[in-house]
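Asker: Need the 3D shape of this:
(one chain, ligands or ions: 2)
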Amino acid sequence: MNLLVVGGGGREHAVIKKLKENPRISKIYAAPGNGGIAQDAICVPVKATDIEGVVKFARDKKIDLAAVIPDDPLAMGMVDRLQKAGIRAFGPSAPAAEIESSKVFAKNLMKKYHIPTADYDVFDNVESAMEHIRAKGKYPVVVKADGLALGKGVVIAENEVAAQDALHAIMNDKIFGASGDHVIVEEFLQGPEISVLSFTDGETLVPMVASMDHKRAYDGDQGPNTGGMGAVAPNPYYTPEVAERCMKEIFLPTVQAMNQEGRPFRGCLYFGLMLTDQGPKVIEYNCRFGDPETQVVLPLLKTDLLDIMEAVIDGRLAEQKVEFLPQAACCVILASGGYPKNYYTGLPITGLNQAEEQGAAVYYAGVKEEEGKLLTAGGRVLGVTALAETLPQAVEKAYQAAEQIHFDNMHCRKDIGRRAMEQRGE
Ligand code: AMP
Ligand code: GLY
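Answerer: Ligands and ions are numbered 1, 2, ... in the order given. Reported below is the predicted structural model:
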């Protein structure tokens, strides 16, 4: 089979490495991939958001299955277009992807179908939003841009001035473009966060092993929000009791709600959950694999990923086995110093082979290749993942491998997995 994976980050590299374990696959292409992914796939210079370019490429190369991984092409309807062109594609349709691309849609869906989430209101101008915030007088308050904003469209405002600044930036200065035409003002929730990625064919939903992201830039959950600085799995807060409640109160009701709305979801549905005093609540949905969660979840997947993707596409997930290794995984992200703000790129990366010799997997995110050398090319540069019998062992192994790698100004958090280990008393 010839496969095409759309996207070019660490998450896509993890998908490609997993797919490659299947002997039925002869070629894997990545559009656009990156200079590091090129070790595992044939990278083609077609942008992930170039719908017509991807469809044409898939036709020309007789692609048997295309997996569309990032949010933008899904929201733009790439899967719909591929399917119309007769190409089997993994990922939700554009109407189903709206569960991520419009927070207003997602919040209204949860309200209508009684799926637990933070209380909220929607506004289309700064004045009425501020009036509401002042009337409530409860801080912190959470302000969210409606649309896609690279994971940066959420502000936790500690007081009135901060809330006003956030609303101005999003709605008047339009720092996220049209994503800021509407904002959500929502109740601040507290508790540990749990990421659950799931496979669903619109009828059956199979949760993957639960994971924990580390969104803030610095140790101790300090500093600005990033795309994610590391992840561990399994997430110790996701006990069998929590899992059962999630399935009953959140996962299945969401799948059914999407069907009721005439937007059946087929693909990977991601639940960003917060475990509050009142039980698990939805913080956000993503219509895709999470990054960096995928870099710990897929290495633990025992079942063949291509088989599962085909079962999802064909609507036979109920008959498909989905098994995970009974191990722990830790992924440490190596980022460019300064990320998520300003940083340098084009810096040579060394020690990659030594890291893999330590038994870790290295996933390439912001990397390019020039004259045979790998150089930094983004904020999040690499993900270093290790598996072990226990979480402390996985954490230690991941850091040992990460220590082999060097580029100027490299930054990583030193405490990935700490909160999870404390919860387990390890
Ligand atoms: P989101 O992009 O919606 O996942 O939000 C990014 C991050 O902001 C989440 O992972 C949470 O850490 C935080 N966050 C979002 N909504 C809330 C909320 N209602 N209460 C507390 N924290 C929140
Ligand atoms: N790690 C969160 C996300 O992928 O959006």
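
Asker: Please list the residues of the stretch 151-300 of the chain that sit near ligand 1.
Answerer: G151, V154, I156, E186, E187, F188, L189, E193, K215, G272, I283, E284 (Cβ under 6 Å from any ligand atom). No exception for glycine: its C-beta is placed from N, CA and C like everyone else's.

Asker: please redo it, this time with the cut-off set to 8 Å
Answerer: Counting by Cβ under 8 Å from any ligand atom, the residues of the stretch 151-300 of the chain lying close to ligand 1 are 151, 153-154, 156, 186-190, 193, 213, 215, 225, 272, 274, 283-284.

Asker: Spell out which parts of the protein neighbour ligand 2.
Answerer: Applying Cβ under 8 Å from any ligand atom, one finds that the chain approaches ligand 2 through 11, 151, 195, 213, 215, 227-228, 231, 270, 272, 284, 286, 288-293.

Asker: Hmm, T376 is touching G346, no?
Answerer: Yes - contact between T376 and G346 holds when scored by Cβ atoms under 8 Å: they sit 6.6 Å apart.

Asker: the more surrounded of these two?
Answerer: T376 (26 against 11; other Cβ atoms under 10 Å).

Asker: A helix includes G191, no?
Answerer: No - G191 sits outside any helix when classified using DSSP: H, G, I helix; E, B strand; the rest coil, being coil.

Asker: Find me the pLDDT at it, would you?
Answerer: Here the pLDDT value assigned to G191 is 94.

Asker: what residues does the stretch 1-150 of the chain put near ligand 1?
Answerer: By Cβ under 8 Å from any ligand atom, the residues of the stretch 1-150 of the chain that approach ligand 1 are K103, A118, P140, V142, K144, A149.

Asker: ok, now with 6 Å
Answerer: On the criterion Cβ under 6 Å from any ligand atom, ligand 1 has as its neighbours in the stretch 1-150 of the chain the residues A118, V142.

Asker: ranges for the strands of the stretch 1-150 of the chain?
Answerer: Under the criterion DSSP state E, counting those that start in this stretch, the stretch 1-150 of the chain carries strands at the ranges 2-7, 27-32, 42-43, 65-68, 89-90, 120-123, 141-145.

Asker: Looking only at the second one, what residues are buried by neighbour count?
Answerer: The reference is to strand 27-32. With burial defined by 16 or more other Cβ atoms under 10 Å, the residues of strand 27-32 counted as buried are I28, Y29, A30, A31, P32.

Asker: isn't the third one right up against G7?
Answerer: Read that as A30. Yes - under the criterion of Cβ under 8 Å, A30 lies in contact with G7, with a separation of 7.4 Å.

Asker: taking the residues of the chain next to ligand 2 one by one, which sit in strands?
Answerer: Secondary structure assignment (DSSP state E) places S195, D213, A231, Y270, G272, E284, N286 from the residues of the chain next to ligand 2 within strands.

Asker: Of the buried residues of strand 27-32, just say which sits nearest to A355.
Answerer: A30 (21.4 Å; Cβ to Cβ).

Asker: count of residues packed around V362?
Answerer: Should you count by other Cβ under 10 Å, V362 turns out to have 26 residues around it.

Asker: what residue ranges in the stretch 101-250 of the chain score low on pLDDT?
Answerer: Within the stretch 101-250 of the chain, the stretches falling below the threshold (pLDDT under 70) are 150-152.

Asker: quick one, helices of it?
Answerer: In chain order, the stretch 101-250 of the chain shows helices spanning 103-112, 126-136, 160-167, 240-246, with DSSP state H, counting those that start in this stretch as the criterion.

Asker: Can you convert these into JSON lines and add a column each for mean neighbour count?
Answerer: JSON lines is the format used below for these (neighbours: other Cβ atoms under 10 Å):
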{"stretch": "helix 103-112", "mean neighbour count": "19"}
{"stretch": "helix 126-136", "mean neighbour count": "15"}
{"stretch": "helix 160-167", "mean neighbour count": "18"}
{"stretch": "helix 240-246", "mean neighbour count": "14"}
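
Asker: Including pLDDT, could the buried residues of strand 27-32 go into a markdown table?
Answerer: Listed next are the buried residues of strand 27-32 as a markdown table, based on pLDDT from 0 to 100:
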| residue | pLDDT |
| --- | --- |
| I28 | 98 |
| Y29 | 98 |
| A30 | 98 |
| A31 | 98 |
| P32 | 98 |
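
Asker: re earlier: want to throw the helices of the stretch 101-250 of the chain into CSV with distance to V15?
Answerer: Formatted as CSV, the entries for the helices of the stretch 101-250 of the chain read as follows, by distance: least, Cβ to Cβ, whole Å:
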stretch, distance to V15
helix 103-112, 24
helix 126-136, 39
helix 160-167, 34
helix 240-246, 24
